[in-house]
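Participant: Below are the sequence and a predicted model; questions follow.
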Amino acid sequence: EARAWQAELRAQFPIVTAHPDLAYLDSAATSQKPRAVLEAVETYLTTSNANAGRGTYPWANRTTELVERTRARVKEFLGDTRSPHSTVHFTSGTTEGLRMIARDWLVPRLRDGDEILVPFADHRANLDPWLEAARLSAERGAEVRVRALPRQEPSGDYDHRALAALVGPRTRFLAATHVHHVFGGDMNVHRLRAAVGPGVPICLDAAQSVGHLPVRVDAPDLDVDFLVFSGHKAMALPGTGAVWARNTRGPALRPEGWQGTPNTVGIVSLLAALDWLQEAGPARIARHVGRLTTRLTDRLGRLAPYEILGCPASLTADSRLPPAQRRHGIVTFRHRDIPADDLGFILYGHGFMVRADTLCQAGAEKDGGSVRVSLHVHNTEEEVDRLLAVLDSLG
Ligand code: PMP
């Protein structure tokens, strides 16, 4: 039954079914788009394309209505059912969303002697805006101390005990990542609120979790103030993303509204994408992707020339990983002798599209790169097994 369900969903990705000899294993970079999203875009552009937030004619009103409906859909999709002051702001992706929070919300609140806690080994998009915020504060004469969010080795998860010891009366902000884009693990974020206490605003980079697993901001273990994601990694068009703000700790991020012409086509695609994901079921998607990830991790972990990043050998052989070490569709590895970019080209020669470089990881520039396989609902066990056979044959 699970197989039939997956086959039916896979058949809904035109680019996937058009290329049976290729396997797209780079969904963490951006997702492929189901037909429903392509159709929603075409319908919008051929029936009601206009600008939003103004207008005295039906196309403009329809555009405005679609943007507002998408905003409501984002809240609903994120399980926001009881946050009366929450707002949603459309962006081009996670990078712009995090920058918006840094520039519009954090910078004006920082005072001399304040401290912020930020991740130094996650995606650069979740480090640079906070370093920039501290720099801008320093220019105004307010020295802000930037501290690294402590991590556990070798899994890379946040160390909530060490974190609790770092939090003090001047801790003003914490930026964290939900699912790591290199290790693929859930970063222990359900322990962050307890570690920092009730007063510290938490901003979560959910680029690799929204669209892959259920993410619910009203769940007690996800008590965050800002949640940022990339629409384009969640089946919507490139150039889409959103910031969700709870707006209960401190003033609101900014009003919802019209600051110039929004990416209406992208927003329409996001509405269709979230409808599609909801219908498919994020929990079911997570189970399918989780099964493939475990299969890949377990078997790759037994191939001697490969080292899986952020995963101790004793765990790779064990499919009953504790939740914090469970991978959500991302497995990153190196070959003992073959450089990462060569391995990427070799794999493409066999029809596999993977990411092969330093993966935008802060601090990874010196490490020589790695290969990342990232999976989504259209991927199959057969693709994983073919990939493993090729990797094994490289010896
Ligand atoms: N954060 C994480 C964890 C990511 O994986 C990515 C995408 N690689 C980003 C931020 C940046 O997202 P975007 O390209 O949508 O700006």
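Facilitator: Happy to help now that I have it.
Participant: For the closest residue to the ligand within the stretch 51-200 of the chain, report the pLDDT, please.
Facilitator: In the stretch 51-200 of the chain, the residue that lies nearest the ligand is residue 93 (2.4 Å; CB to the nearest ligand atom). For glycine as for every other residue, the C-beta is placed from the backbone atoms N, C-alpha and C. On pLDDT, residue 93 comes in at 98.
Participant: where does the stretch 1-150 of the chain come near the ligand, residue by residue?
Facilitator: Contact residues (CB under 6 Å from any ligand atom) of the stretch 1-150 of the chain with the ligand: 28-29, 93-95, 123, 125-126.
Participant: ranking the residues you listed by neighbours, who comes first?
Facilitator: Neighbour count (other CB atoms under 10 Å) singles out residue 94 as the most crowded of those, with 27 neighbours.
Participant: And the helices in the stretch 51-200 of the chain, which stretches?
Facilitator: Assigned by DSSP state H, counting those that start in this stretch, the helices in the stretch 51-200 of the chain fall at 58-77, 94-100, 128-139, 160-166, 192-196.
Participant: What of the stretch 251-395 of the chain?
Facilitator: Using DSSP H, counting those that start in this stretch, helices in the stretch 251-395 of the chain cover 264-280, 282-300, 313-316, 340-349, 381-393.
Participant: Go through the ones you listed and name the closest to the ligand.
Facilitator: Of all the helices of the stretch 251-395 of the chain, it is helix 264-280 that lies closest to the ligand, at 11.6 Å by CB to the nearest ligand atom.
Participant: interface residues of the stretch 251-395 of the chain facing the ligand?
Facilitator: residue 360.
Participant: circling back to that earlier point, go ahead and confirm the residue of the stretch 51-200 of the chain closest to the ligand touches residue 242.
Facilitator: No: Residue 93 is beyond contact range of residue 242, at 9.4 Å (criterion: CB atoms under 8 Å).
Participant: list the residues that contact both of the two?
Facilitator: By CB atoms under 8 Å, 6 or more residues apart in numbering, residue 93 and residue 242 have these common neighbours: residue 231.
Participant: how about residue 378, what does it touch?
Facilitator: For residue 378, the contact set (CB under 8 Å, 6+ apart) comprises 9-10, 13, 16, 24, 32.
Participant: what about this protein, any weak spots by pLDDT?
Facilitator: 311-326 (pLDDT under 70).
Participant: Tell me how it divides into domains.
Facilitator: Domain assignment of the chain by automatic domain parsing yields the ranges 2-25+281-393, 39-279.
Participant: Okay, now the longest one: how far is its last residue from its first?
Facilitator: The separation between the terminal residues of domain 39-279, taken as CA to CA, to the nearest Å, is 16 Å.
Participant: Roughly how far does the residue of the stretch 51-200 of the chain closest to the ligand sit from residue 147?
Facilitator: Distance of residue 93 to residue 147, given as CB to CB, to the nearest Å: 26 Å.
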